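**Student:** Quick one, what's the 3D model for this:
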Amino acid sequence: MAPVKVEVLFDGFSRLEAGNQFMSSNCTCTLVVGETVKMIVDTMTAWDGDRIKEALDSRGISPDEITHAVATHGHSDHIGNLNLFLNAKHVVGTSMNYKDNYYDVLLDGSSLRVAEGIEIVPTPGHTASCVSVIVSNTESGTIAITGDLFEKREDSADPTIWEELGGSEKPLKQAENRVKVLRIADYVVPGHGPMFKVTEDIREKNHAHMMELRRHYRNVGESDESEKE
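**Tutor:** Residues are numbered from 1 along each chain as shown. Model (predicted):
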């Protein structure tokens with residue numbers, strides 16, 4: 001079986017502007033191409049449709065050829081151009097539909113096998129319904145397209161980037177899912193930055209922060225629906 005190709009079409013970004021009065025942000029947009037699948041992950045804002053169509057056209061792909069249009073969660077900078085892909089199954093977080101038919105395959109926490117080596121898995125934290133696309137059959141190993149589970153590479157050294165700049169509905173759950181993804185991934189495509197290689201240092205920093213958050217929630221007597229290692 002030929003390797004699946006993962007290509008970042010546009011690197012995302014996020015930064016505070018005007019003395020922290022507002023955020024300037026757009027998501028990373030990624031194309032996944034396998035033998036039977038053409039998937040686009042996170043379609044940016046509604047003002048980016050022409051850019052996406054031009055990027056696909058330059059690769060000889062029509063929007064009508066896309067089989068799966070995935071938004072890792074429902075925020076507006078990730079769902080803006082789902083309407084371009086009317087022949088595709090749409091996945092928005094844990095909700096999947098084709099036209100007016102909806103499927104509950106991800107709602108109970110189960111993963112969805114799209115094709116050999118391409119899987120959509122729930123990774124809640126940033127929002128309660130976030131998902132990631134795990135592509136295991138690539139020439140570079142396993143690539144995890146995670147949306148805002150990871151804001152950008154730098155957020156492993158500075159967790160405030162994903163906890164405060166990106167925001168998190170369930171910080172401990174997000175930290176645990178970050179650790180899970182890092183165990184299996186060789187590369188991560190984050191929600192708002194370039195793809196990065198996973199290193200042992202990144203794994204260790206994330207594990208340490210997860211343990212710190214567990215101690216915090218235990219000390220304050222609160223729950224974040226965490227799982228024990």
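**Student:** Which helix runs longest in the protein?
**Tutor:** Counting residues, the longest helix in the chain under DSSP state H turns out to be helix 200-220.
**Student:** quick check, residue 51 in a helix?
**Tutor:** Yes - with the criterion set as DSSP: H, G, I helix; E, B strand; the rest coil, the secondary structure at residue 51 is a helix.
**Student:** my guess is it meets residue 44, correct?
**Tutor:** Yes - counting by Cβ atoms under 8 Å, residue 51 sits close enough to residue 44 to count as a contact (7.5 Å). Where you see a C-beta, it was placed from the backbone N, CA and C, and this is true even at glycine.
**Student:** returning to that earlier point: and the longest helix of the chain, what other elements does it pack with?
**Tutor:** The helices and strands touching helix 200-220, judged by 3 or more Cβ pairs under 8 Å, 6 or more residues apart in numbering; DSSP states H and E, are helix 171-184.
**Student:** Give me the contacts around the helix it packs on.
**Tutor:** Contact with helix 171-184 is made by 123-126, 132, 134, 136, 142, 144, 146, 149-150, 159, 162-163, 168, 188, 198, 202-203, 206-207, 209-210, 213-214, 217, 224-227, as judged by Cβ atoms under 8 Å, 6 or more residues apart in numbering.
**Student:** Mind checking which of those residues are buried?
**Tutor:** The neighbour-count test (16 or more other Cβ atoms under 10 Å) applied to the contacts of helix 171-184 identifies 123-126, 132, 134, 136, 142, 144, 146, 149-150, 159, 162-163, 168, 188, 198, 202-203, 206-207, 209-210, 213-214, 224, 226 as buried.
**Student:** from the residues you listed, which ones fall inside strands?
**Tutor:** Among the buried ones among the contacts of helix 171-184, the residues falling in strands (DSSP state E) are 132, 134, 136, 142, 144, 146, 188.
**Student:** so what's the residue nearest to the last one when sequence neighbours are not counted up against?
**Tutor:** Read it as residue 188. The shortest distance from residue 188 to any non-neighbouring residue, by Cβ to Cβ, 6 or more residues apart in numbering, is to residue 144 (5.1 Å). Contact partners of residue 144, counting by Cβ under 8 Å, 6+ apart, are 132, 133, 134, 135, 181, 184, 185, 187, 188, 189.
**Student:** Put together TSV for those, with pLDDT on each row.
**Tutor:** Putting the contacts of residue 144 into TSV (pLDDT from 0 to 100) gives the following:
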residue	pLDDT
132	99
133	99
134	99
135	99
181	99
184	98
185	99
187	99
188	99
189	99
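**Student:** Can you tell me which of those are buried?
**Tutor:** In these, burial by neighbour count holds for 132, 133, 134, 135, 181, 185, 187, 188, 189, counting by 16+ other Cβ under 10 Å.
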